[in-house]
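K.L.:
okay, here's the prediction I keep looking at, along with the sequence it came from:
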Amino acid sequence: QVQLVESGGGLVQAGGSLRLSCAASGRTFSSYAMGWFRQAPGKEREFVATISSSGASIVYANSVKGRFTISRDNAKNTVYLQMNSLKPEDTAVYYCAGGGLYAATTPRPYNYWGQGTQVTVST
């Protein structure tokens, strides 16, 4: 079974930066796509970014394009989300997702989920 553990969330002022990490257990990390989703209070979970198993394919939500960067280190079984120029509307619990066969922008194809990490952006 694969376990995903996120870290790096916190409180930051608007315009600031944070880097989220998601560490995966197991030896098959390099064989599946990874994604980041987020959920704000009272809202549905929404797609943020995804990266294919090799890192060759990357997709971003329009709302974060140009500000966020997803990357992965298969040697460390870790996927990252670098978040720059943060806005108050980025405030949410951020979830790492894994196990997808392809870089999907919807939750359904992902088999594994982390517990989430809170990101709060103040004005």
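P.N.:
Cool, the structure landed. Keep in mind that this is a model prediction, so the values were computed, not measured.
K.L.:
any idea where the strands of this structure begin and end?
P.N.:
Per DSSP state E, the chain carries strands over the ranges 4-7, 10-13, 18-24, 33-39, 46-51, 58-60, 68-73, 78-83, 92-100, 112-113, 117-122.
K.L.:
nearest to Thr106, out of these?
P.N.:
Of all these, strand 46-51 sits nearest to Thr106, with 6.7 Å by Cβ to Cβ. All C-beta atoms are positioned from the backbone trio N, CA, C, and that covers glycine.
K.L.:
buried ones in the closest one?
P.N.:
Across strand 46-51, burial judged by 16 or more other Cβ atoms under 10 Å covers 47-51.
K.L.:
looks like Pro88 contacts Ala40 (just checking).
P.N.:
No: shown here, Pro88 and Ala40 do not form a contact pair, counting by Cβ atoms under 8 Å, at 10.4 Å.
K.L.:
just give me the neighbour total for Gly55.
P.N.:
By other Cβ atoms under 10 Å, 17 other residues sit near Gly55.
K.L.:
quick one on the thing from earlier: neighbour count: Pro88 and Ala40, which is higher?
P.N.:
Ala40 (14 against 11).
K.L.:
which residues touch Trp113?
P.N.:
4, 95-98 (Cβ atoms under 8 Å, 6 or more residues apart in numbering).
K.L.:
kindly recompute the last result at 7 Å.
P.N.:
Trp113 sits next to 4, 95, 97 when contact means Cβ atoms under 7 Å, 6 or more residues apart in numbering.
K.L.:
how about the residue most central in space within the chain: what's its closest non-neighbour residue?
P.N.:
Most central in the chain under Cα atoms, centre = their mean is Trp36, positioned 2.5 Å from the mean C-alpha point. Leaving aside its chain neighbours, Trp36 sits nearest to Val48 (4.2 Å; criterion: Cβ to Cβ, 6 or more residues apart in numbering).
K.L.:
same check on Ser7?
P.N.:
Nearest residue to Ser7 in three dimensions, chain neighbours excluded: Ser21, at 5.1 Å (Cβ to Cβ, 6+ apart).
K.L.:
identify the residues contacting that neighbour.
P.N.:
Contact analysis of Ser21 by Cβ under 7 Å, 6+ apart lists 6-8, 78, 80.
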